[in-house]
Structures are given as C-alpha cells and as structure tokens.
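Visitor: sequence first, predicted model second:
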Amino acid sequence: MRLVLLGAPGAGKGTQAKKLIEKYSIPQISTGDILRKAVADGTPLGKEAKSYMDKGELVPDSVVIGLVKERIAQDDCKKGYILDGFPRNTAQAEVLDKVLAEMGAPLDTALSVDVDKDVLMKRLTGRRTCKSCQQMYNVYFSPPKKEGVCDKCGGELFQRNDDKEETIKKRLDVYDAQTAPLMGYYKKKGILKSVMGLGDINEIFSKVCAALGKK
Ligand code: AP5
Ligand code: MG
Ligand code: ZN
C-alpha cells in the first residue's frame, strides 16, 4: 500500500500513521520528523531547514524532494509506505508522481483527515512528544499520567518549536494556500478518500482502515 496522508497541521496525520505502521508493517515517511531530526543533529540539512520551520514556512522543494526520493528507494519501502507531510504543494506532488511512474509503483490512495479549524489550535498548542520513543500526548485531550513524563518509556516530553500560537497561525495559512489544493489534485486522479478526524483516535483509525478497504 502506497499511501499519502493529507490534512492540516494537527489533523492527526502522525497519530494515525503510527497506528497504520503497527497494523500494516509498512514505514511512515514523515518529512517533518526527518527534518526535525536533522535540526537536532545539527547537520547542514538541519541548519538550512531550521529557519523555515521556525517561521512555519515550507522548506524549499529541492531539499524535501531529495529526501523523499532517497527514502522511498530503500528496501523497507518495497511493500509500501505512508507519506506523512509530503507532498505539500503541487510541485512536490507532480515530482512524486513522475518518480513513482518511473519506478512502476504509483500511489494507491491519498487519504485526507478532515478536522475543523477551531480544534487544530488546541491540538497543536497542547501537543507533547516523547524525546525517546516519539509517543505523542496532548495536555488537553490525552495527557500522560505524570506531567512531562512518557507513560510508555519514562522518557522526557517536549513541545515542538513550531507549536507556538503565532507559528501555528502561519502554518495553517501555508496549508490553506499551498497544501489544500492537493485535494483537488488527487481527486482528479481518482485516488482521493477522506475521513472525518474528530472524536476518539481509535474510532478515527477504524474509519481510516475502512476507507483503505482494509478491516
Ligand atoms: P510537519 O511535521 O509535517 O507538521 P504539520 O504538517 O504541521 O503537521 P503536524 O505534525 O503538526 O500535525 P499532525 O497532523 O501530524 O498531527 P498529530 O498527529 O501530531 O511539518 C513541520 C514543518 O516541517 C513544516 O512547517 C515545514 O517547515 C517542514 N516540512 C515538513 N514537510 C515538508 C514538505 N513536504 N515540504 C516543505 N516543508 C516541509 O496530532 C496533533 C495533536 O493532536 C497531538 O497532540 C495529538 O495527540 C492530538 N490528537 C490527534 N488526534 C486526536 C484526536 N482524534 N482527538 C484529540 N486529540 C488528537
Ligand atoms: Mg505530524
Ligand atoms: Zn516514550
């Protein structure tokens, strides 16, 4: 299954991707996670990406496209993968289609997770992530048992640099202007599906699996 997850910042792409990995044993390719790791490691890529990410802007296409091309060519992607946060504009989507056509392995589905705008801000300002195992929490909706500590592994929880109100506003604007048009792009291709991303995480996951035709 070669899947693209679409949805606004905070829609739950990462949350649902984690569950899809467990169920279908295919990797999640999150360009945001790859870039954040590069920033944390202080690599040249990270240094270039950081200024864009901190402002809530898109990192240049040339950078992210290179990352994704390299990643999908790896062995563990032969059975399929979940693209989370890529593509993010029409130029990226077009290059992806071209590369996958050359590989003879086009996308199966673009799945959009739809959430009302007013919920997104609370989800993002409340998000906390484990430094060790990347488990996600939300101080409003799914808090850890002990503040600042991961239930799963005891690791320290952190707040993303770009989860500040001003930066979130910018990310939502960038989403509307550049990423939302991809719905039309994939609809035209006949591979767009969507689920409502409000409510219980496990119930949303059931809808995701049903939309993918997998129970
Ligand atoms: P990226 O990391 O992709 O961030 P994003 O798109 O803004 O998406 P998020 O990760 O914030 O949201 P999500 O949908 O994954 O939600 P989550 O599951 O965490 O990108 C970051 C930056 O990197 C970009 O701004 C850009 O600079 C750069 N970048 C990345 N890709 C790029 C590309 N292709 N091109 C150019 N630049 C790129 O959930 C959010 C919160 O809500 C969590 O706390 C979670 O616990 C909670 N939650 C989830 N589901 C529910 C639910 N059903 N009910 C209650 N709470 C819930
Ligand atoms: Mg994410
Ligand atoms: Zn943890």
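Guide: Sure, I can see it. Ligands and ions are numbered 1, 2, ... in the order given.
Visitor: which non-adjacent residue is nearest the closest residue to ligand 1 within the chain?
Guide: For the chain, the nearest residue to ligand 1 under the criterion C-beta to the nearest ligand atom is G32, separated by 1.9 Å. Where you see a C-beta, it was placed from the backbone N, CA and C, and this is true even at glycine. Nearest residue to G32, sequence neighbours excluded (C-beta to C-beta, 6 or more residues apart in numbering): G85, at 4.6 Å.
Visitor: re the thing from before, check which helices and strands the helix or strand hosting the residue of the chain closest to ligand 1 is in contact with.
Guide: If you go by DSSP states H and E, G32 is part of helix 31-41. On a contact count with 3 or more C-beta pairs under 8 Å, 6 or more residues apart in numbering; DSSP states H and E, helix 31-41 meets helix 44-55, helix 61-72, strand 81-84.
Visitor: re the thing from before, thought the residue of the chain closest to ligand 1 was touching R88?
Guide: No. Counting by C-beta atoms under 8 Å, G32 does not reach R88; the two are 9.6 Å apart.
Visitor: flag every residue of the chain that's near ligand 3.
Guide: Applying C-beta under 5 Å from the ion, we find that the chain lies next to ligand 3 at 130, 132-133, 135, 150, 152-153, 155.
Visitor: can you name the residues of the chain sitting close to ligand 1?
Guide: Within the chain, the positions lying close to ligand 1 (C-beta under 6 Å from any ligand atom) are 7, 9-15, 31-32, 35, 52-53, 56-59, 64, 85-86, 88, 92, 123-124, 126-127, 136-138, 141-142, 162, 171, 199, 201, 204.
Visitor: filter the residues you listed down to just the buried residues.
Guide: Among these, those classed as buried by 16 or more other C-beta atoms under 10 Å are 7, 9-15, 31-32, 35, 53, 56-59, 64, 85-86, 88, 92, 123-124, 126-127, 136-138, 162, 171, 201, 204.
Visitor: show me the residues you listed that map onto helices.
Guide: Among those, DSSP state H puts 13-15, 31-32, 35, 53, 64, 92, 123-124, 171, 201, 204 in helices.
Visitor: name the helix or strand for V208, please.
Guide: helix 201-211.
Visitor: counting neighbours, which bits of that helix end up buried?
Guide: Neighbour counts over helix 201-211 (16+ other C-beta under 10 Å) mark 201, 204-205, 207-209 as buried.
Visitor: list the contacts of the most centrally placed residue in the chain.
Guide: Nearest to the mean C-alpha position of the chain, by C-alpha atoms, centre = their mean, lies D84 at 3.3 Å. Taking C-beta atoms under 8 Å, 6 or more residues apart in numbering, we find D84 in contact with 5, 13-14, 17, 28-33.
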